[in-house]
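Undergrad: Next input, structure requested:
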Amino acid sequence: MPRFSVQKSRTAAGPAAARVPKPRWLKVPAAGGPRYEAIRRRLEGLGLHTVCQEAQCPNMGECWGGGTATIMLMGGTCTRGCRFCAVETGRPAPLDPREPESAARAVAAMGVDYIVITSVNRDDLPDGGAFHFARTVTTLRGLAPQVMIEVLVPDFQGRLASVDALIEAGPEVIAHNVETVPRLSRTVRDARASFEQSLGVLAHVKAAGRGRGPGGVDILAKTSIMLGLGEGEAEVQESLERLRAVGTDVVTFGQYLRPSPKHHEVVEYVEPAVFDAWADRARAMGFLYVASGPLVRSSYRAGEYYLHAHLAQARRERGVAS
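TA: The predicted model follows:
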């Protein structure tokens, strides 16, 4: 495997990590293309906020050009304060009961093939917002059955009944991010999160999601790991082994980028060759699909041809229209 660390950022002992220039491989071309422009124009009149736009995601052009987008439900205020995330922390507003239908109608009008539906953590709600998620999925399924649906969900504080609500709604993919290796989870994520709790969510998705997707296909379990937070090679390898042991189907790797000086420092910028090596390892371990690169995010190219083709084939085998 290529060297795990390439360009080390300065830690607290030296100048702020935010001052270290980003490597050349973290630059991307401007978004464009006919499919991208078509989705952008449709969004202007829908009143729908995408994570792609609000987070100024560097992959927006590539994902929209491939027919994939990510939307966020339940507002923009999170009940947790993870040290890697720029989302505002505080007391969220009450849920809008009309949102599941309005969001579903907007997505149906977007003209995408694959949608990722995510949210902030809502620990203020008894179910963590799971039934709000589920209503959005079932409403969208009725309006646009051809759209493949991935939900990127919180850990619901380990409440498996909330995970069951999502399984009952029947998306193609249920994603939940472990974010980092177990040793760093306490310092990177909010104290209410843990690698073990996240692993339990993924294990339940895989076990309880068998045959529960559209037309009786298995729901895929997906997660994401950020690199550059100070993790070691052996720790990443162990994390992958544990994820595969509970049946996780899809994993993505991306470079952690510090949102502000108040957030966790970037310990290292990992070169593209290392991301490629992790992708090779994960595929050899049996992960169905792997996306790995400095600019990859958890919903990056969620409708990638191979994953899309796998889901479409599973549908066809069970006589479900794609």
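
Undergrad: which strand of this protein spans the most residues?
TA: Longest strand of the chain, by residue count under DSSP state E: strand 220-227.

Undergrad: Give me the angle between the helix or strand following that one and strand 220-227.
TA: Next helix or strand after strand 220-227 toward the C-terminus (DSSP states H and E): helix 233-245. Relative orientation of helix 233-245 versus strand 220-227 (axes from the mean of the first three to the mean of the last three Cα atoms, to 10 degrees): 170 degrees.

Undergrad: Give me the helices and strands touching the next helix or strand after helix 233-245, please.
TA: Downstream of helix 233-245, the first helix or strand assigned by DSSP H and E is strand 250-255. In this structure, strand 250-255 makes packing contacts with strand 220-227, helix 272-284, strand 289-292, judged by 3 or more Cβ pairs under 8 Å, 6 or more residues apart in numbering; DSSP states H and E. Placement of C-beta: from N, CA and C, glycine included.

Undergrad: how about these in JSON lines, adding mean pLDDT and distance to His204?
TA: Compiled in JSON lines, the helices and strands packed on strand 250-255 are given as follows (pLDDT from 0 to 100; distance: least, Cβ to Cβ, whole Å):
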{"stretch": "strand 220-227", "mean pLDDT": "96", "distance to His204": "9"}
{"stretch": "helix 272-284", "mean pLDDT": "97", "distance to His204": "21"}
{"stretch": "strand 289-292", "mean pLDDT": "91", "distance to His204": "20"}
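
Undergrad: among these, which is the most enclosed?
TA: strand 220-227 (a mean of 25; mean count of other Cβ atoms under 10 Å).

Undergrad: Keeping just the C-alphas, turn it into CSV.
TA: Listed next in CSV are the C-alpha coordinates belonging to strand 220-227 (Å, rounded to 0.1, in the frame of the first residue of the first chain):
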residue,chain,number,x,y,z
LEU,A,220,-28.4,-2.4,1.0
ALA,A,221,-26.5,-1.2,4.1
LYS,A,222,-24.0,1.6,3.4
THR,A,223,-21.5,3.7,5.5
SER,A,224,-18.7,6.2,5.1
ILE,A,225,-15.2,6.8,6.6
MET,A,226,-13.3,10.1,6.6
LEU,A,227,-9.5,9.9,6.3
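
Undergrad: what's the angle from that strand to helix 272-284?
TA: 150 degrees.

Undergrad: List the buried residues of whatever helix or strand Leu202 lives in.
TA: Using DSSP H and E, Leu202 sits within helix 195-208. For helix 195-208, the neighbour count (16 or more other Cβ atoms under 10 Å) marks 195, 197-206, 208 as buried.
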